Structure formats: C-alpha cells, structure tokens
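Peer 1: Everything below, folded, please.
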Amino acid sequence: MFSPADLQVPIVAAPMAGGPSTPVLVAEVGEAGGLGFLAAGYRSASNLAADVESVRSMTSAPFGVNVFLVEPFELDAVLVEAYRQSLEPEASRLGVDLGSVGWDDDDWAAKVELLLDVRPDVVSFTFGCPSADLLRQFADVGVLTAVTVTTADEAKVAVARGATSIALQGPDAGGHRGTWDQSADPDSTPLLELVSAVTRDVEVPVMAGGGLASSADVSAVLAQGAAAAQLGTAYLLADEAGTNATHRAALADPTMSLTSLTRAYTGRWARGLQNRFMLEHADAPPGYPQLHHLTAPLRAAAISAGDQQVAHLWAGTGQSGSRPASAAAITRFLAPPDRSRGAGSAWELRGTAASA
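Peer 2: Numbers count the residues shown, from 1 in each chain. Got it, this is the predicted structure:
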C-alpha cells in the first residue's frame, strides 16, 4: 500500500473542487515527485472515471482522489428564506435566477463503487468520516484512505474507524473547512500546534496543510512530524490548473490582499479572498449543500462577468505566495532543499501575485 512517507518530494497538491484540479495538474505533480489529487466533488462518477483514466494515461506516479461525504442537514427554513430574499437584488443585477434549495449526496454511492473498482493509490474523504466497514473495504483492495480532519479529536475518531492516513487541515487553509459538524464554529488552533498534537495521538501518516506558501513552511510542518505537506492555493496559478480567469485575476490583484472565512456562498465555512459579497452576507446561515445550490447561478454569473466582488475566490492565507508557473516548478520550489528534484533557475516562478 502506498504511503505519503514514500514520496520523493513530500508535497501533496490538495484537491480543489470546481475546476482547478485537472488531470494534467495531478500528473505533473506526480512526475515531479509529489502527490496530486483529483477532486471528485461536483463531478459525476462517469466524469470522474474519465479523469482517472486520463491521469493514468499521462503518468505511472501515485495519485489520489478526494470525495465529499455529505451528511443530511436540517435547515432553518426561516433563516434560509430570509437569506434567499437578501440575494435577490444581486441576482437581478447579474441577470440570473437563484437556484433551488435542495439536498443531494454528490453521487456518493456511485463514486465509492467506482473508486473501489479503479483503485487509485489514495482515496480521501472531506466533510466527515466514512464507516469502519467502508474504510476496511478500501484497505482490503490496497488503497490508502485519508480522512480530512481539523482537530485532534476528529483525527482520533478517524483512525479508530480504520483510516490509514490523515489529511490535517489548519485554520488558514483555502476553500471549505473540513469540519465534520457544519453548524460548529471552525477550530482555530494554529497548524503547527495541530500537527504536533495529531502526530502525537495517532500512528498513521499525516498530510498537513493550511496557509503554507514556501519551502520553509513545508519544512516546519515536516519538523512537527507530518509525512508530507499539503498545499492548494500555491497551485491555483499553475499552468495546468483549471482555475477560471476571474479567480486568476483576483489572485494577482494587489487590492485583493485579504482572506476571510464565510458561509455566504455554500452554507459551509470556507476561506477565500475577501470581497463585498462576503462582507454584506456575513450572517449567512449554515446549510450545505442546500445554499451551494441556491447561490450556484449567482456565482457562475459573477465568474462569467469577471466580478471579483461577488465571485467565490477560494484561497488560503498564503495566497500572496501564489505565482504562475508549471506544476512541476511549483512542486520543486516548495520542496525542502534536500528533497527537491530541481535546482537553481528551474525553480524560478513567473510574475508577481498580490502583496500580503
């Protein structure tokens, strides 16, 4: 069974659902010695199958697939209706209708069946922990499982159920927080403290990330006992990433220099570049994926219009370190000096990003 400790370069390109994590990005990170992840979120099982086949056509390097585990969540109907009404003026301005408030499990059963069949090297889970039976099924076919956790307690539960590794997400990470209880306030324990606590409490490999932007950051995580460092925002401007043009422009815009947590887009806490929409809807209620579906047309219209003040622009606190470059160059740049395959000018990244 694959282990993150086996990586030639202890870098994991975090799964980024919604477009950025493409098969070619995954393959190029793997070819550079790291571990790339396909993001299965928001994709059908058939599209995911095509992505897996595409990665395998480009590389024999290990890779992973991340799946959303979406638990049922009972909405506060009064709060959600008030929130829907508050969005109407923005939707009208952009010329779209808001989406329907509905729940779905993101094609969970079909994706699990597919992954047990195609057997990527790693399957990770976000938003919750699978049953012991399912974790055992993956172990029986030689697939490493990783459960995304945000606290030491979540990590202990995951390992007790049979997770064979941990994806530890600190409070500075971009995108959705992996907190299992979506109605709870996100844990704010600094990443290095979390890594120290989790590696002390569990005996499985830990892939840790959140706000990392340099080889020094990566070295600090490894020094606390992590087997590998996980980074997503660092790859948003990669040549091979599927990051949309509005998101790319915002990452390079010096006026978009702050990140903050918000529930305004999907009903789940997520970190992104701070904009007007976040500030005006700071009281958004919990409710994922229902609010995700409600705001989907609004978000799509804002991205199409290049509206940085309304679009969701996921990014961690290390966003000022994002640079345009190939995925391989980014991987080499982030690696500790004694673990990089590259040297000198081969690491050099192009251009500048937003200042901190």
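Peer 1: Next up, the contacts around A328.
Peer 2: 28-29, 31-32, 342 (CB atoms under 8 Å, 6 or more residues apart in numbering). C-beta coordinates here come from the backbone N, C-alpha and C atoms, glycine included.
Peer 1: how about those in JSON lines, adding distance to L69?
Peer 2: Below are these laid out as JSON lines (distance: CB to CB, whole Å):
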{"residue": "E28", "distance to L69": "28"}
{"residue": "V29", "distance to L69": "24"}
{"residue": "E31", "distance to L69": "30"}
{"residue": "A32", "distance to L69": "29"}
{"residue": "G342", "distance to L69": "36"}
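Peer 1: So which of those residues belong to strands?
Peer 2: Among the contacts of A328, none falls in strands (DSSP state E).
Peer 1: can you pull out the strands in the stretch 151-300 of the chain?
Peer 2: 165-169, 175-176, 206-209, 228-231, 259-262, 270-273 (DSSP state E, counting those that start in this stretch).
Peer 1: Most neighbours out of the contacts of A328, which is it?
Peer 2: Neighbour counts for these, by other CB atoms under 10 Å, peak at V29, which reaches 28 neighbours.
Peer 1: Hmm, I11 and that one touching each other?
Peer 2: Yes: at 7.3 Å, V29 and I11 qualify as touching, with contact defined as CB atoms under 8 Å.
Peer 1: which neighbours do those two share?
Peer 2: 35, 331.
Peer 1: returning to what we had before: and which of the contacts of A328 is nearest to S196?
Peer 2: V29 (26.6 Å; CB to CB).
Peer 1: measure the closest one to P89 for me?
Peer 2: Noted for V29: a distance of 42 Å to P89, by CB to CB, to the nearest Å.
Peer 1: With G33 instead?
Peer 2: 50 Å.
Peer 1: same thing with V218?
Peer 2: On the measure of CB to CB, V218 and P89 end up 44 Å apart.
Peer 1: which of those two has more neighbours?
Peer 2: V218 (26 against 9).
Peer 1: any idea what sits nearest that one, other than its immediate chain neighbours?
Peer 2: Nearest non-adjacent residue to V218, counting by CB to CB, 6 or more residues apart in numbering: A229, 4.1 Å away.
Peer 1: In this protein, where is pLDDT below threshold?
Peer 2: Per-residue confidence for the chain (pLDDT under 70) gives these ranges: 340-356.
Peer 1: Flag every buried residue along the longest helix along the chain.
Peer 2: Ordering each helix of the chain by length in residues (DSSP state H) puts helix 77-94 first. By 16 or more other CB atoms under 10 Å, the buried positions in helix 77-94 come out as 80, 83-84, 87, 90-91, 94.
Peer 1: what do you get for stretch 177-194?
Peer 2: 177-180, 182, 186-187, 191-192, 194.
Peer 1: Give me the distance from it to the chain's centre.
Peer 2: Counting by CA atoms, centre = their mean, to the nearest Å, stretch 177-194 is centred 14 Å from the centre of its parent chain.
Peer 1: Please apply the same query to stretch 209-217.
Peer 2: Once both centres are worked out by CA atoms, centre = their mean, stretch 209-217 turns out to sit 15 Å from its chain's centre.
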